[in-house]
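In: Just the structure for this:
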Amino acid sequence: MSSATPPDSVIRHPLFWLLSFNMALVIFGYALGVLTGMASVTPMRYLKYSFLLISIFYLLKENNTLLKLLSHYLQPLAALSLIFIAFALLSANPLNSILGVLTFIIPFLYVAFSMGALLLRYSIREVLHAFLDIINWIYFIPIISFFITGGSLTDTNIYFVSAENEESAFVSNHYGWSGTIFLLTSMDLLRNVSLPVWRRILLIVFSAIAAYLALISGNRTSWLSLALVSLVFLIMYKQVPLYQKLILSVLPITLVFYLLNDPKSALNARFEKTKSQQEKGEPRANLSTSMIDHFNETPDLWLTGIGMFNKERIKTISGWSGYHNSYLEVLFGSGIIVFSFFLYLIVFRPLFIYLRYFSSKYLFFIPLLIIPYFESNLTGGQFLFFPWFVMALLMSYAQTFAKIKLLMNSQYP
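Out: Predicted structure coming up:
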């Protein structure tokens, strides 16, 4: 489709669907992994890699001028990728570090170039709404599967649901994250997109269910995300009257009080576990302290890191095989220079643009920055990799691509 006129809608463009299918395959892979007792993990990994490769080949068929233009304006992302590889060479086990880094770089650059190609063809609003819509559908899968696999609204605690529960398609964290993402994308779609009546009813009904699932999942990341989003809603949504904000606040407050009255609820179970962790020490905090102490003993590690996804070295230092934290993975894996560059491109820059231009109408972005702090989402097969980087790059490059749109329109009338 290099020289042909692109489809008149984002959702009809092959690049959009290829990226969306890559995202959906991740969710189906998690579901099959839990349902099959992890037996499907290896074949699904090959399937996801194969489809990603097909998607990259299709992307490379784009017009050469377009690709050159994208390469020029996406240089900071390419530079970040090259720096990751360069610092991987400085680690104690460079081969393993480079292989680990490639599991991030390849899907990351694929997302970047796909998003760039779409943003140069369609308006930011069109692309944003298309991805809000598809993310909403994809993360609806765990919510509906909760009921298909025997879940009920009478449940007040699903924190125990883990990969060993083969009767469930997802684990408790997945329900919490999906509930949060579905709820916020639903609110954004309802407020900003013209939808058929049946879809509006679906979103309203399942938004309430999604909020409940997030609460009974015991997932503190989701709770924190929803709490911070509530502040954005109350402060930034100035066009929504105060009385409407208060009415919308009634549902979550009612659910919280309902669950607090149940001694076995996820809220009470989590409060008890938090008290216990405060006495013994929070595991992630203990891991961070061990890594910081080790880096202080060998200061050059602050520059080079120990290599991305270096599980053996992490375990030797901290006793854990992973950080369960995307940001710590970059900091301790590649050093403080790469970490600072990563934060600028993926957190600070997109967050600034979101707060300045989008936060008065959209709520989706905050959880996509918070959840990775409590879970690793740096490889293409992880639960929130695609929505995180799709939206982060969209926010980060919204202004850039708006400015070069005139140039593209002159070359692709």
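In: Which parts of the stretch 1-150 of the chain are strands?
Out: Applying DSSP state E, counting those that start in this stretch to the stretch 1-150 of the chain gives no strands.
In: and after the strand or helix carrying V338, which helix or strand comes next?
Out: According to DSSP states H and E, V338 maps onto helix 336-343. Per DSSP H and E, the first helix or strand lying C-terminal to helix 336-343 is helix 349-353.
In: Tell me the helix or strand right after that following helix.
Out: Assignment by DSSP H and E places the next element after helix 349-353 at helix 365-374.
In: by contact count, what packs against that next one?
Out: helix 172-192, helix 220-236, helix 326-334, helix 349-353, helix 385-396 (3 or more C-beta pairs under 8 Å, 6 or more residues apart in numbering; DSSP states H and E). In short, each C-beta sits where N, CA and C put it, glycine included.
In: Of all the ones you listed, which one comes closest to T379?
Out: If you check each of the helices and strands packed on helix 365-374 against T379 by C-beta to C-beta, helix 385-396 wins as the nearest, at 6.4 Å.
In: and the angle for that closest one with helix 326-334?
Out: On the basis of axes from the mean of the first three to the mean of the last three C-alpha atoms, to 10 degrees, helix 385-396 is oriented at 90 degrees to helix 326-334.
In: Sort out which residues of helix 385-396 are buried, please.
Out: For helix 385-396, burial by neighbour count (16 or more other C-beta atoms under 10 Å) applies to 385-396.
In: returning to that earlier point: dump the helices and strands packed on helix 365-374 to TSV, plus distance to L25 and mean pLDDT.
Out: As requested, the helices and strands packed on helix 365-374 are exported to TSV (distance: least, C-beta to C-beta, whole Å; pLDDT from 0 to 100):
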stretch	distance to L25	mean pLDDT
helix 172-192	15	91
helix 220-236	23	79
helix 326-334	20	89
helix 349-353	25	93
helix 385-396	9	94
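In: Pretty sure I314 sits against G322.
Out: Yes. The pair I314 / G322 is scored as a contact, 6.3 Å apart, by C-beta atoms under 8 Å.
In: So between those two, which is more surrounded?
Out: I314 (23 against 16; other C-beta atoms under 10 Å).
In: now the helices and strands packed on helix 365-374 in CSV, with distance to H13?
Out: Listed next are these as CSV, based on distance: least, C-beta to C-beta, whole Å:
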stretch, distance to H13
helix 172-192, 19
helix 220-236, 30
helix 326-334, 29
helix 349-353, 23
helix 385-396, 14
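In: what's the closest of those to F113?
Out: Each of the helices and strands packed on helix 365-374 has some distance to F113 by C-beta to C-beta; the shortest is helix 385-396, at 9.8 Å.
In: what's the angle between that closest one and helix 365-374?
Out: Going by the same axes, to 10 degrees, helix 385-396 makes 130 degrees with helix 365-374.
In: Can you pull out the low-pLDDT segments for the stretch 51-200 of the chain?
Out: 63-66, 69, 72, 91-92, 161-167 (pLDDT under 70).
In: burial count for V111?
Out: 24.
In: That should have said F28, apologies.
Out: That count, for F28 with other C-beta under 10 Å as the rule, works out to 17.
In: Kindly report the same for A24.
Out: 18.
In: Could you name the helices and strands sitting against the host helix or strand of N296?
Out: Using DSSP H and E, N296 sits within helix 283-297. With contacts taken as 3+ C-beta pairs under 8 Å, 6+ apart, helix 283-297 sits against helix 301-304, helix 311-318, helix 326-334.
In: Comparing those, which comes out most buried?
Out: helix 326-334 (a mean of 25; mean count of other C-beta atoms under 10 Å).
In: Report the backbone C-alpha coordinates of that one in PDB.
Out: Only the C-alpha atoms of helix 326-334 are listed here, as PDB (Å, rounded to 0.1, in the frame of the first residue of the first chain):
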ATOM      1  CA  SER A 326       9.900  -2.300  34.600                       C
ATOM      2  CA  TYR A 327      11.700   0.800  35.700                       C
ATOM      3  CA  LEU A 328      14.100  -1.000  38.000                       C
ATOM      4  CA  GLU A 329      14.800  -3.400  35.200                       C
ATOM      5  CA  VAL A 330      16.100  -0.500  33.100                       C
ATOM      6  CA  LEU A 331      17.900   1.200  36.000                       C
ATOM      7  CA  PHE A 332      19.800  -1.800  37.300                       C
ATOM      8  CA  GLY A 333      20.000  -3.500  33.900                       C
ATOM      9  CA  SER A 334      21.500  -0.600  31.900                       C
END
